[in-house]
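Make a model of this:
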Amino acid sequence: MSLTHNGRIPAHREAPAAAGPASGEPGPATPAGPPRRGAAVAIHDLSVVHGSGKNGVTALDSLSLDVAPGEFVCVLGASGCGKSTLLHVLAGLDEPTQGTVHIGGQHTALMFQEAALFPWLTARANVEFPLRLKKVGRAERRARAEELLDLVQLSGVGGRRPHQLSGGMKQRVALARALAQDADLVLMDEPFGALDAMTRDALHQELELLWSDGSFSVVFVTHNVREAVRLGDRVVLLTSRPGRIAEVFDVGIPRPRRHNTADVGELARHITDTLLTEVRRHGRTG
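Residues are numbered from 1 along each chain as shown. Modelled structure (predicted):
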């Protein structure tokens with residue numbers, strides 16, 4: 001088993017192959033296939049077992065997947081299927097039991113469902129924190145933090161502490177902090193799951209805008225099928241535990257997208273039907 005972080009992903013976009021026609025009809029499901037050369041993330045035959053012996057629980061089983069530089073990949077599946085475990089392995093927080101995970105960029109950022117801001121720091125200081133760890137000078141990191149807060153539409157609130165911010169504002173700060181790490185790969189574990197629909201939709205638009213320059217790749221875990229179709233270049237559906245790849249769906253819907261459009265809804269319904277079939281097959285309800 002191995003987990004390697006080396007090289008740096010180029011800042012240009014390498015668009016994934018579109019499977020759907022220009023009309024926006026959903027593309028067909030495709031197998032994950034072996035990792036491609038030059039991938040930002042290359043996962044081969046990954047298995048993760050928590051515990052040992054009779055008490056061991058297999059979270060992921062023989063999973064192979066690649067993510068192209070600048071690609072946005074969403075991961076779906078029932079609760080307990082290993083989605084978060086996959087992110088933890090990519091972030092270096094968990095070790096593979098078998099298989100290999102190659103990350104082609106030196107910088108990885110992980111964003112959780114909860115904003116996880118330091119309550120004693122201001123919004124600006126929270127964004128500055130990773131820059132402080134990198135020994136960036138005070139003036140430079142303050143300017144960068146203000147720039148990032150402006151990007152996520154939080155100009156003027158840098159001096160507030162987390163308890164003075166709404167849930168959506170906290171998540172914006174968390175997103176700005178992730179971007180402050182100058183990450184090549186951003187891992188997102190249901191970051192908008194606790195937000196109301198209007199705030200979530202606004203953050204979808206902001207995230208897509210920030211990502212669209214191709215400077216980083218995203219692996220985004222969610223329970224929300226429409227969210228996955230709204231954001232992803234591809235949607236990876238995992239089976240119930242142990243997590244294996246059930247199907248990979250290419251999203252051929254032109255950007256920008258909205259969650260309530262007919263083409264997004266059509267593909268979301270198809271993926272939902274497939275997900276329910278998988279849940280029934282394994283006798284699980286989530």
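
Could I get the full set of strands for the protein?
Secondary structure of the chain (DSSP state E): strands at 2-5, 29-30, 41-50, 57-67, 72-76, 98-103, 108-111, 185-189, 217-221, 234-238, 245-250.

Now the weakest link among the ones you listed, please, by mean pLDDT.
Note on the strands of the chain: lowest mean pLDDT is at strand 2-5, with a mean of 36.

if we can go back for a sec, out of the strands of the chain, which comes closest to residue 92?
Closest of those to residue 92 is strand 2-5, at 6.4 Å (criterion: CB to CB). For glycine as for every other residue, the C-beta is placed from the backbone atoms N, C-alpha and C.

how many neighbours does the closest residue to residue 151 other than its chain neighbours have?
Nearest residue to residue 151, sequence neighbours excluded (CB to CB, 6 or more residues apart in numbering): residue 210, at 6.3 Å. When neighbours are counted by other CB atoms under 10 Å, residue 210 registers 19.

swap in the one 10 residues further on?
Around residue 220 there are 26 other residues, counting by other CB under 10 Å.

about what we covered before: now the strands of the chain in TSV, with distance to residue 277?
Below are these laid out as TSV (distance: least, CB to CB, whole Å):
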stretch	distance to residue 277
strand 2-5	33
strand 29-30	12
strand 41-50	24
strand 57-67	19
strand 72-76	13
strand 98-103	26
strand 108-111	30
strand 185-189	25
strand 217-221	21
strand 234-238	10
strand 245-250	9
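
looking at these, which is closest to residue 158?
Minimum separation from residue 158 across the strands of the chain (CB to CB) falls at strand 108-111, 19.2 Å.

Please name the residues that touch residue 107.
By CB atoms under 8 Å, 6 or more residues apart in numbering, residue 107 lies in contact with 8, 181, 182, 183, 184, 185.

Try it again at 7 Å.
Residue 107 sits next to 181, 182, 183, 184 when contact means CB atoms under 7 Å, 6 or more residues apart in numbering.

got a list of what the first one touches?
Counting by CB under 7 Å, 6+ apart, residue 181 makes contact with 107, 109, 130.

for the residues you listed, which one is nearest residue 78?
residue 109 (26.3 Å).

what's across from the closest one in the sheet?
Residues in a beta bridge with residue 109, per DSSP bridges, are residue 186.

Pretty sure it sits against residue 178.
Yes. Between residue 109 and residue 178 there is a contact under CB atoms under 7 Å: 4.1 Å.

which one of these two has more residues nearby?
More crowded of residue 109 and residue 178, by other CB under 10 Å: residue 178, with 23 against 20.

still on that earlier bit, so which of the contacts of residue 107 is surrounded by the most neighbours?
residue 184 (25 neighbours).
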